[in-house]
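**Q** Prediction below, plus the sequence it came from.
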Amino acid sequence: MSVNPMAYETQFFGFTPQTCMLRIYFAFQDYLFEMMLVVEGVMLKKLDSIPGCKISPPQIRKCTEKFLLFMREHFDNLFTTMEEVMLQLVLNIPKNVLLPEDRVQEQYPYSKEEFQALQDELQQLQQQCRAEAALEQVLRAELEEQKAVTAELEKILQCFDGLENICREHGTGNFKESFALLTKSSKKLQDVLKDVEEKSKKMKQHDRLM
């Protein structure tokens, strides 16, 4: 059996020429075996009809097997020659023949270096696409965070608007001014509290010394 891959022929036929030849070989072997069984059956019927025949069925089977072996050996020798002829003259595409789907290569020929450059460029583009996809995921996550922060800020603004409305209803004037005054008063109160705590510590220390 030929070891030539014959890839171009496989592209055209849809099967490897070697596979075709192998199927032909097995088909003939099966046909030969079936034919010998038929011949053996006919011989047994003929011998049964001959009075005084001393040839037994086991002898017929032994002769059949010998003849089958003889036929297989000769067929193997003939098949080798037939395979060479079939692969060279029937299942072979000449070197100067170009399949229709490959004519674009004739119109736009390229060298191995150009093909490698295209492969490198394609790989770079794939890497860029993966990087852009990852960046898109990061941007989407940040956008979701921004939406969450915006929602919280809107809640805070709604809270301040509610407080300002309450201040207006109770005649406390502008909420921003009131809030600033409240903050200033709170800071003064904290300073006073801190001063009281310091004086209290000093008095405790003085009592201990006394």
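**A** Sure, I can see it.
**Q** contacts and neighbour counts: CA atoms only from here.
**A** Fine.
**Q** what about the longest helix seen in the chain, average pLDDT?
**A** Taking DSSP state H as the criterion, the chain has its longest helix at helix 112-169. The average pLDDT within helix 112-169 is 83.
**Q** Spell out, range by range, the helices that occur in this protein.
**A** Under DSSP H, the chain gives helices at 7-13, 17-48, 57-85, 103-107, 112-169, 175-209.
**Q** could I get those as a markdown table with mean neighbour count and distance to residue 92?
**A** Listed next are these as a markdown table, based on neighbours: other C-alpha atoms under 10 Å; distance: least, C-alpha to C-alpha, whole Å:
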| stretch | mean neighbour count | distance to residue 92 |
| --- | --- | --- |
| helix 7-13 | 14 | 6 |
| helix 17-48 | 14 | 8 |
| helix 57-85 | 14 | 10 |
| helix 103-107 | 10 | 19 |
| helix 112-169 | 12 | 26 |
| helix 175-209 | 12 | 93 |
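**Q** Now tabulate the ones you listed in TSV and tack on distance to residue 97.
**A** TSV is the format used below for these (distance: least, C-alpha to C-alpha, whole Å):
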stretch	distance to residue 97
helix 7-13	10
helix 17-48	17
helix 57-85	19
helix 103-107	10
helix 112-169	21
helix 175-209	89
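**Q** closest one to residue 93 among those?
**A** helix 7-13 (6.1 Å; C-alpha to C-alpha).
**Q** In terms of secondary structure, what does the closest one contact?
**A** Applying 3 or more C-alpha pairs under 8 Å, 6 or more residues apart in numbering; DSSP states H and E, one finds that helix 7-13 contacts no other helix or strand.
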